[in-house]
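In: Fold the following for me, if possible:
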Amino acid sequence: MKTARILVGGMLALAVALGLGRFAFTPILPVMQAEYGFDAQGSGWLAASNNVGYLIGALWAGWVRSDAGRHRLLAWGFILLVATLALMPATQSVLVWNGLRLVAGMASAWIFVLASALVIPLLTASGHARWTGFHFGGVGIGIILAGLVIGWVVNVWGADTGWLVTAALALILSLLSWPALRNAHPRGAAGPTNATPALRFPMGLLAAAYFCEGLGYIVTGTFLVAVVRATPGLHDYANLSWVMVGLAALPSAAAWSFLAERRGYLPVLLAAHLTQAVGIALPALSSHPVAVLAGAALYGGTFLGIVGMSLAFGRAITPHNPAFTIGWLTAVFGIGQIIGPVLAAWLAAQGGWSPALLMASGVVLAGVPLLWIGGLWARRRPHSLMTTT
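Out: Reported below is the predicted structural model:
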């Protein structure tokens with residue numbers, strides 16, 4: 001019962017951190033653009049500011065070693081994130097908005113990284129390591145709320161009210177999450193050490209593929225609702241597309257983790273990259289509602305899985321120094337997330353959203369040959385990751 005309570009607390013924390021803290025921006029963005037008159041490039045910089053903050057926050061959280069320090073920073077993450085969301089309507093300054101989104105990104109990272117650092121070791125120690133995927137699925141809860149509630153609110157009452165409702169939802173979920181996490185102390189609770197030897201794969205190629213994922217996935221994650229809303233005949237499907245992303249994301253991390261355990265990280269990662277590339281491209285290739293919603297489902301059903309599998313892959317390659325590996329992978333992913341919205345917004349300003357989506361799809365697809373080349377290298381070495389680990 002205690003383990004289930006901690007899992008629910010972790011899921012709600014991730015719903016706050018990313019589902020609301022980052023991705024509520026997606027359904028609010030097109031209404032902000034209409035109300036305040038800023039262009040695609042301005043929205044790209046807002047998204048990039050949030051991702052810069054996330055990178056800073058993730059690196060900061062990685063330096064915290066004590067449980068007391070983690071709990072303290074986690075609490076501050078909840079407080080700062082709710083505050084920055086609530087302050088968005090207090091100004092019409094794009095500069096201040098960028099500053100608030102940067103701080104929100106930092107707070108989101110504190111919550112995401114530190115809640116995971118508290119929850120995952122406890123799940124592992126209690127014999128429920130496979131529940132980790134459900135923990136990451138909490139992001140989908142926040143995305144569903146953003147699509148259903150925030151999307152409806154902004155259409156009726158405008159962007160400012162949307163930000164206030166987002167802050168209220170984040171506060172409620174934070175107050176539900178914090179009691180479960182405040183007494184979580186994973187140190188000393190870790191199970192027996194796994195003596196499995198390091199698996200052979202070139203870390204540089206995994207990092208390069210993960211950079212491609214960061215750059216490509218964030219384009220749809222930032223602009224999907226704006227893209228669908230701007231497509232003739234699809235205005236009414238805009239928020240539904242984001243709900244579809246959340247519904248697909250909710251079980252996805254657990255499902256991909258299950259597949260990776262049985263088929264191996266490499267082939268499953270390859271399949272996930274290919275699937276996501278198709279999902280990102282579909283709204284650019286067809287304006288039919290079925291194609292757009294299918295693309296949203298394929299995208300939502302893969303991005304959390306790729307994140308979880310890539311980090312698990314890195315830990316398996318360097319079992320004796322996983323913290324450094326996760327930090328490095330997080331850094332390259334974060335750099336990709338910063339570049340993606342700015343580049344996509346520039347392309348959209350030149351020729352509409354289709355080139356931006358096709359660029360993002362192509363970048364995600366570029367991860368496939370990188371991983372495949374790494375697999376060829378691994379076949380010539382012992383302990384290949386081509387099979388189940």
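In: how much space between Arg262 and Thr132?
Out: Going from Arg262 to Thr132 by C-beta to C-beta, to the nearest Å gives 16 Å. Glycine gets a C-beta too; all of them are placed from N, C-alpha and C.
In: low-scoring stretches of the chain, by residue?
Out: Within the chain, the stretches with pLDDT under 70 are 1, 186-198, 321-323, 381-389.
In: As a quick check, tell me the outermost residue of it.
Out: Arg380 (33.7 Å; C-alpha atoms, centre = their mean).
In: where's that residue relative to Leu269, distance?
Out: With distances taken as C-beta to C-beta, Arg380 is found 19 Å from Leu269.
In: what does Leu80 give?
Out: Using C-beta to C-beta, one obtains 34 Å as the distance from Leu80 to Leu269.
In: Repeat that for Ala316.
Out: 12 Å.
In: neighbour count winner among those two?
Out: Neighbours of Ala316 and Leu269, each counted by other C-beta atoms under 10 Å, are more numerous for Leu269; the result is 29 against 21.
In: Report the contact partners of the more buried one.
Out: Leu269 sits next to 209, 260, 306, 309-310, 313, 371 when contact means C-beta atoms under 8 Å, 6 or more residues apart in numbering.
In: Could you check the strand or helix carrying it and say which residues are buried?
Out: Assigned by DSSP states H and E, Leu269 belongs to helix 265-285. Residues of helix 265-285 classed as buried: 265-284 (neighbour count, 16 or more other C-beta atoms under 10 Å).
In: next one: stretch 303-316
Out: Residues 303-316 are the ones in stretch 303-316 that count as buried (16+ other C-beta under 10 Å).
In: possible to save those as CSV with distance to Asp160 and secondary structure?
Out: Output for these, formatted as CSV (distance: C-beta to C-beta, whole Å; DSSP: H, G, I helix; E, B strand; the rest coil):
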residue, distance to Asp160, secondary structure
Phe303, 29, helix
Leu304, 30, helix
Gly305, 35, helix
Ile306, 34, helix
Val307, 32, helix
Gly308, 35, helix
Met309, 39, helix
Ser310, 37, helix
Leu311, 37, helix
Ala312, 41, helix
Phe313, 42, helix
Gly314, 41, helix
Arg315, 43, helix
Ala316, 46, helix
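In: Tell me the one among those nearest to Gly137.
Out: Looking at those and their distance to Gly137, the nearest is Leu304, at 7.0 Å (C-beta to C-beta).
In: Isn't that closest one up against Gly140?
Out: Yes: checked against C-beta atoms under 8 Å, the pair Leu304 and Gly140 is within contact range at 7.4 Å.
In: Surely Ala170 touches Ala83?
Out: No: in this structure Ala170 lies outside contact range of Ala83 using C-beta under 8 Å: 9.8 Å.
In: higher neighbour count, those two?
Out: With neighbours defined as other C-beta under 10 Å, Ala170 and Ala83 compare such that Ala170 has more, 28 against 16.
In: May I have the phi/psi pair for that one?
Out: Per-residue torsions, Ala170: phi -60, psi -40 (degrees, to the nearest 10).
In: Go through the contacts of Leu269 and name the one nearest Phe23.
Out: Nearest to Phe23 among those: Ile306, at 16.1 Å, using C-beta to C-beta.
In: who's in contact with stretch 364-372?
Out: Residues outside stretch 364-372 that contact it (C-beta under 8 Å, 6+ apart) are 205-206, 208-210, 212-213, 216-217, 266, 269-270, 273-274, 276-277, 280.
In: What's the local residue count around Gln350?
Out: Gln350 - counted by other C-beta under 10 Å - has 10 other residues nearby.
In: Tell me which helix or strand it sits in.
Out: helix 322-351.
In: what comes up buried for that helix?
Out: Those buried within helix 322-351 under the rule 16+ other C-beta under 10 Å are 325-345, 347-348.
In: returning to what we had before: reformat the contacts of Leu269 as TSV; add distance to Gly221.
Out: Below are those laid out as TSV (distance: C-beta to C-beta, whole Å):
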residue	distance to Gly221
Ala209	18
Ala260	22
Ile306	12
Met309	18
Ser310	16
Phe313	21
Leu371	21
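In: which two in those are spaced the farthest apart?
Out: Ala209 and Ala260 (14.7 Å).
In: Neighbour count for the two, which is higher?
Out: Taking neighbours as other C-beta under 10 Å, Ala209 and Ala260 compare with Ala209 leading, 27 against 24.
In: Help me confirm that the more buried one comes into contact with His273.
Out: Yes: because the distance of 7.3 Å satisfies C-beta under 8 Å, Ala209 is recorded as touching His273.
In: Just give me the neighbour total for Asn183.
Out: Around Asn183 there are 12 residues (other C-beta under 10 Å).
In: phi, psi of it?
Out: When read as degrees, to the nearest 10, the backbone of Asn183 gives phi -110, psi 10.
In: Show me the domain layout of this structure.
Out: Here the domain parsing of the chain from automatic domain parsing is 1-183, 200-389.
In: how far out from the middle of the chain is stretch 158-166?
Out: 22 Å (C-alpha atoms, centre = their mean, to the nearest Å).
In: Need the residues that contact it.
Out: So stretch 158-166 is contacted by 20, 24, 27-28, 31-32, 35-36, 85-86, 88-89, 146, 149-150, 153-154 (C-beta under 8 Å, 6+ apart).
In: can you rerun that using 10 Å?
Out: 20-21, 24-25, 27-36, 81-82, 84-90, 92, 100, 142, 145-146, 149-157 (C-beta atoms under 10 Å, 6 or more residues apart in numbering).
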